[in-house]
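below are the sequence and a predicted model; questions follow.
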Amino acid sequence: MPNHINGKGHYNAEKIESIARSPYLNQGTTTPHSIRNALHTAGLSPSAVETADQQKKRALIQLRSKSSNLEKYIFLAWLRNTNVRLFYRIVISELEEITPLIYTPTVGTACVEYSHISPFLAPPGIPDGLYLSLNDRPNLTQIIKNYRPYPFDVSLTPQIAVITDGSRILGLGDLGVNGMGIPVGKLQLYVAAAGIDPRRTLPITIDLGTNNEKNLNDEFYLGLRKRRVDDNEFYSFVDAVIKSLIKVYPELLIQFEDFSSEHAFDLLTKYRENTFCFNDDIQGTGAVVLSGFINAVKLVEKDVHPTKHRLLFFGAGSAGVGVAKQLLEFFKIEHGMSEEEAKKLVWLVDTKGLVTLDRGDKLAKHKIYFARDDNNGSQFKTLEEAIEYVKPTALVGLSSTGGVFNEKIINRMAELNKNPIIFPLSNPMVNAECTFEAAMKGTDNRVIFASGTAFPAYTVPKTGKTKYPGQGNNMYIFPGLGLGAILAKPKSITDRQIYASASTLATSLTEKEKSLELLYPVVSRIRHVSAQVAAAVIVEAVDEGLARDEQIIKMVQNDCKELKTRQGKKWDNLVKFVQENMWDPDSEKFFNSEEIIGKSRM
Ligand SMILES: NC(=O)C1=CN([C@@H]2O[C@H](COP(=O)(O)OP(=O)(O)OC[C@H]3O[C@@H](n4cnc5c(N)ncnc54)[C@H](OP(=O)(O)O)[C@@H]3O)[C@@H](O)[C@H]2O)C=CC1
Ligand SMILES: CC(=O)C(=O)O
Ligand SMILES: [Mg+2]
């Protein structure tokens, strides 16, 4: 495109066009006439200039008028892809209402439908995420560079990528490329909950085929129409993707998400020491459940000594085993137990029953660590049998099997415990092992409860007292963990950093939240909580000698002198620094229209 008039004070037409079309710079109906004139967009919309509040009010009315959550999801995606700042203004101010629409449970429905809806989520030329298919192998580096949703801000390179292969999307199984909704959804929470600049996020779905018959037979399925590749090809392709990503963006933090469990563990083992990465389903979930468990232990400690808990996990995949491993750290660190002692507090159940060493089947690698050898040859095939054998104080569901904690199971937990801990953590809501209402009714309202997807509060009919369920979802961890890591730039993300994120989340409850016996902070405080989690991760990374950001290292050394007693501390200056670095849709620091127009001058 030719320039307008050469010389000082005139505009470069190409730049003007990219500003006018940028979903980030677009201010829609709030654009002042001066800017419309400068951008040559005067006359392209009605003349009214609105305030940001009016603009937001209209969008919320439209959103609320939609009759299904999927329609709301589509509306919100369009908003995000046409007016980023308006979208995040809405998300941040209405977190409780919007989170279930852009994340679990609605994102589950959106993923199932993704091939049907994705062409309608964004205007042409604005990608919703980056697709890397097997056929792209020779050109990975170039294709990675193609992802430029905000062409005007091309100097702002991605800081965080969430990557999936769509093989285990929530509890919905193998959805192939339709899994894209997950990296997109997670990254929206990075922005809303931790203030990562939306221009610096990179959602990726790698397409190595799918074994989902429904997708393979769906005329509208948009991914490769072939079965998944074998393990050799899988690891080789993922390796090529990781290497290309690091080549293009050397400081990129990579979050592995919703890979099938075998691959999830192997990828984490392979990359965690030498690549700036973590696995959200193993480590993020481990940390968030640990945090809720720490608070649950406090609530029941009058009756159950912390070291006397008996934890029964229903589900022994990446999430179940990841959580179980993280809980061991609690017993070791806070209660001085040895690894062997702590391990004895954990039992796993999978599709074949209680996981034991002598069960007779070949156990998947990740199950061996917790496989019991003290069962004297007895085997326990069902959850009921396992409960009778273990007599658990806590029952944790990570099995993707909706409703499996039935009335009988819940009643039995209530007989065994004054306050049974029941965490049906599978997603989306239809896969939760039980509802909050069922858990309350089945335990005479004595349950200590957290689920992966938020359930409504429950009012006890006799007393009129309302009880609030916890939401044990990794969304309370990964945004803050990622932000802390991005700021401190540690060489790797360690168990200690993960533990620090969990223990800080646990201590972030306000007095009011504690008085309501909540296990997690209310969602509306998530931005503040993420800043605290980020600060904890930073302190830990500095203490471990792994942080590489000089300014952060100095600040931590000044602010947190007594590192050994740091747990539970607030590190006010550091938290303030983190908050100042959080992207905010209304901050002049991140958006100054005059300056942006100025930049387009020749
Ligand atoms: N709340 C949160 O933040 C998070 C929740 N999750 C949820 O956790 C769930 C599991 O994830 P992940 O571990 O990766 O998935 P996997 O599919 O790898 O694991 C599921 C596990 O459940 C077991 N299982 C499935 N059905 C049954 C059954 N009928 N009876 C007994 N065991 C059964 C499987 O047994 P087998 O091994 O024999 O096949 C397997 O061990 C998902 O729903 C996911 O959404 C995940 C991450 C975070
Ligand atoms: C929450 C999440 O990461 C999952 O269900 O997989
Ligand atoms: Mg996940």
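Sure thing, it's come through. Note that the structure is a prediction, hence the values are computed from the model and not measured. Ligands and ions are numbered 1, 2, ... in the order given.

how far off centre is stretch 479-498?
Distance of stretch 479-498 from the chain centroid (CA atoms, centre = their mean, to the nearest Å) equals 14 Å.

quick one: average confidence on it?
Averaged across stretch 479-498, the pLDDT comes to 97.

quote the end-to-end distance of that stretch.
12 Å (CA to CA, to the nearest Å).

buried set for it?
Going by neighbour count (16 or more other CB atoms under 10 Å), the buried part of stretch 479-498 is 479-490, 492-494, 496-498. Using the backbone N, CA and C atoms, a C-beta is placed for each residue, glycine as well.

could you do stretch 358-377 as well?
359, 363, 366-367, 370-372, 375.

from these, which land in helices?
366-367 (DSSP state H).

reformat the buried residues of stretch 358-377 as JSON lines; add pLDDT and distance to residue 524.
Formatted as JSON lines, the buried residues of stretch 358-377 follow (pLDDT from 0 to 100; distance: CB to CB, whole Å):
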{"residue": "359", "pLDDT": "96", "distance to residue 524": "46"}
{"residue": "363", "pLDDT": "97", "distance to residue 524": "43"}
{"residue": "366", "pLDDT": "96", "distance to residue 524": "36"}
{"residue": "367", "pLDDT": "97", "distance to residue 524": "39"}
{"residue": "370", "pLDDT": "98", "distance to residue 524": "37"}
{"residue": "371", "pLDDT": "98", "distance to residue 524": "42"}
{"residue": "372", "pLDDT": "98", "distance to residue 524": "42"}
{"residue": "375", "pLDDT": "97", "distance to residue 524": "46"}
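
closest one of the buried residues of stretch 358-377 to ligand 1?
Checking these against ligand 1 with CB to the nearest ligand atom, the nearest one is residue 367 at 7.1 Å.

was I right to think the closest one contacts residue 318?
No: counting by CB atoms under 8 Å, residue 367 stays clear of residue 318, with 11.1 Å between them.

which of the buried residues of stretch 358-377 sit farthest apart?
With CB to CB as the measure, no two of the buried residues of stretch 358-377 lie farther apart than 366 and 375, at 19.6 Å.

going by distance to residue 587, which of the buried residues of stretch 358-377 wins?
Among the buried residues of stretch 358-377, residue 366 lies closest to residue 587 (CB to CB), at 43.3 Å.

count of residues packed around the closest residue to ligand 2 within the chain?
Nearest to ligand 2, among the residues of the chain, is residue 427, at 3.7 Å (CB to the nearest ligand atom). Neighbour count for residue 427, taken as other CB atoms under 10 Å: 24.

rewinding a little: now intersect the buried residues of stretch 479-498 with the helices, please.
Counted as lying in helices by DSSP H, out of the buried residues of stretch 479-498, are 479-488, 496-498.

pLDDT on stretch 392-406, on average?
Computed over stretch 392-406, the mean pLDDT rounds to 98.

actually stretch 441-457, not the one I wrote
97.

now do stretch 237-245
Averaged over stretch 237-245, pLDDT sits at 98.

where does this structure dip in pLDDT?
1-12, 152-154, 560-570, 593-594, 596-602 (pLDDT under 70).

90 instead, please
Counting by pLDDT under 90, the chain has low-confidence residues at 1-22, 24-27, 34-35, 37-41, 124-125, 148-156, 555-573, 587-602.

list the buried residues for stretch 425-439?
For stretch 425-439, by 16+ other CB under 10 Å, it's 425-436, 438-439.

report whether that stretch contacts ligand 1.
Yes: using CB under 6 Å from any ligand atom, stretch 425-439 comes into contact with ligand 1 via 425-427, 431.
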